[in-house]
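Enquirer: Here is the input, now give the coordinates:
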Amino acid sequence: MRGISLLLIVVPTTEPIIEGYQSGTVKQPGDTVILKCSVVGGNPLPSLQWYKNDKPYHHEFRTDEQTSKVWSELLINVTRSDNNAVYRCDAVNAALTEPYSKQVKFTVKCKSLSSSVF
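Expert: This next block holds a predicted model:
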C-alpha cells in the first residue's frame, strides 16, 4: 500500500501599507479619516489586525483570492483623544514568526481654552 504525501508551501506576505493618513498631518476634532491597511501575497493569505495604542481595535478584513490582496479599512471620527494615538496594522500568516506591522501616529489640533481677564 502506498501512502500519499502532501507538500505544503508557506510563504510570508508583504509588509503592510497604510493609506489615508501620514504621521505628522494635523487633524481637527470632528474630521473623518479612513485608514486602509493592505498586503499582497502569502500562503496562506494573512489575516490583519488593527490596534489603537496597543489595544485590539474592532475591524473586518477582506480578501481577493485572484489578486492575493488582503485589506481592512477603519473609519475614524477624530476626537481630542486621538492626539498622539498610534494606529497599528499587523499582518500574520503561518510563515511568519512575528507579525509584520505598520503604524501611524495621529496629531490632533485641539483648541486651547482661553481665559479672559476682567
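Enquirer: What sits closest to the residue nearest to the spatial centre of the chain if chain neighbours are left out?
Expert: Nearest to the geometric centre of the chain sits C89, at 2.7 Å (CA atoms, centre = their mean). Spatial nearest neighbour of C89, excluding adjacent residues (CB to CB, 6 or more residues apart in numbering): C37 at 3.5 Å. In short, each C-beta sits where N, CA and C put it, glycine included.
Enquirer: before we move on, what about S101?
Expert: D90 (5.1 Å).
Enquirer: Give the bridge partners for that neighbour, please.
Expert: Beta-bridge partners recorded for D90 (DSSP bridges): Q49, S101.
Enquirer: if I pick T25, what's in contact with it?
Expert: Taking CB atoms under 8 Å, 6 or more residues apart in numbering, we find T25 in contact with T107.
Enquirer: hang on, isn't N83 packed against V108?
Expert: Yes - contact criterion CB atoms under 8 Å: N83 and V108 qualify, at 3.9 Å.
Enquirer: Quickly list what's touching both of the two.
Expert: Residues within reach of N83 and of V108 at once, by CB under 8 Å, 6+ apart: there are none.
Enquirer: any chance you could map the helices in this protein?
Expert: With DSSP state H, there are no helices along the chain.
Enquirer: Could you list the low-confidence segments of it?
Expert: Applying pLDDT under 70 to the chain picks out residues 1, 112-118.
Enquirer: go with 90
Expert: By pLDDT under 90, the low-scoring segments of the chain are 1-12, 23-24, 57-60, 65, 94-96, 110-118.
Enquirer: Can you give me the neighbour number for N77?
Expert: When counting by other CB atoms under 10 Å, one arrives at 10 neighbours for N77.
Enquirer: Good, wrapping up.
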